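Asks: kindly return the folded structure for what I paste below:
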Amino acid sequence: MKNLSILTANYNLAIKKSSRLFAIPFHTFSYEVVKLLFDFGYFSGFYKNGDDVFVEIRYSEGKPVLRGILTVSKSSKRVYTNRKCFHSHTVVISTSSQSLVILTKGNRGKIGGEVLLKLT
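Replies: Okay, the predicted model is just below:
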């Protein structure tokens with residue numbers, strides 16, 4: 001969970017500074033989250049260099065596509081959900097038996113699990 005907190009903090013700081021690139025320490029789990037966000041079009045690119053992962057933020061019309069990332073589930077307080085607990089506008093990254101997934105209004109299906117991050 002600490003690695004996800006570093007990811008969210010560095011991303012939100014980069015957005016605040018209007019930066020196009022930010023770095024996080026390499027960890028397999030946070031790397032998988034970055035890869036998932038890239039696959040969904042939230043990041044323009046990413047690469048590993050030594051012990052760090054550099055992430056390029058995608059902008060559209062001068063504004064970031066992803067306005068912010070919030071940590072939902074923490075080590076001290078785990079947050080779980082089922083498929084019926086989402087608001088229609090909420091986009092979250094969740095763990096499930098199918099690995100990491102981004103849950104949106106269109107793909108909720110029968111997926112529930114631990115809610116890690118909320119995308120704004």
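Asks: list the buried residues in the biggest helix by length in the chain.
Replies: In the chain, taking DSSP state H as the definition, the longest helix is helix 2-16. Neighbour counts over helix 2-16 (16 or more other Cβ atoms under 10 Å) mark 3-4, 7-8, 10-12, 14-15 as buried. For every residue, glycine as well, the C-beta is placed using N, CA and C.
Asks: which one of those sits closest to Thr81?
Replies: For the buried residues of helix 2-16, the closest approach to Thr81 (Cβ to Cβ) belongs to Leu4, at 16.7 Å.
Asks: quick check, that closest one in contact with Phe29.
Replies: Yes. Between Leu4 and Phe29 there is a contact under Cβ atoms under 8 Å: 7.5 Å.
Asks: the helices in this protein, which residues?
Replies: Going by DSSP H, the chain shows helices at 2-16, 28-39.
Asks: for the longest one, the averaged confidence score.
Replies: Per-residue confidence for helix 2-16 averages out to 93 on the pLDDT scale.
Asks: next: stretch 81-88.
Replies: On average, stretch 81-88 scores 59.
Asks: for stretch 56-65, same thing?
Replies: 94.
Asks: give me the buried positions along it.
Replies: Buried residues in stretch 56-65 (16+ other Cβ under 10 Å): 57-58, 64-65.
Asks: residue boundaries of the strands in the chain?
Replies: 21-25, 43-49, 52-57, 59-60, 63-64, 69-71, 80-81, 91-96, 99-103, 113-119 (DSSP state E).
Asks: just checking: what are the partner strands of the second one?
Replies: Looking back up the chat, that one is strand 43-49. Using DSSP bridges, the strands paired with strand 43-49 are strand 52-57 (antiparallel).
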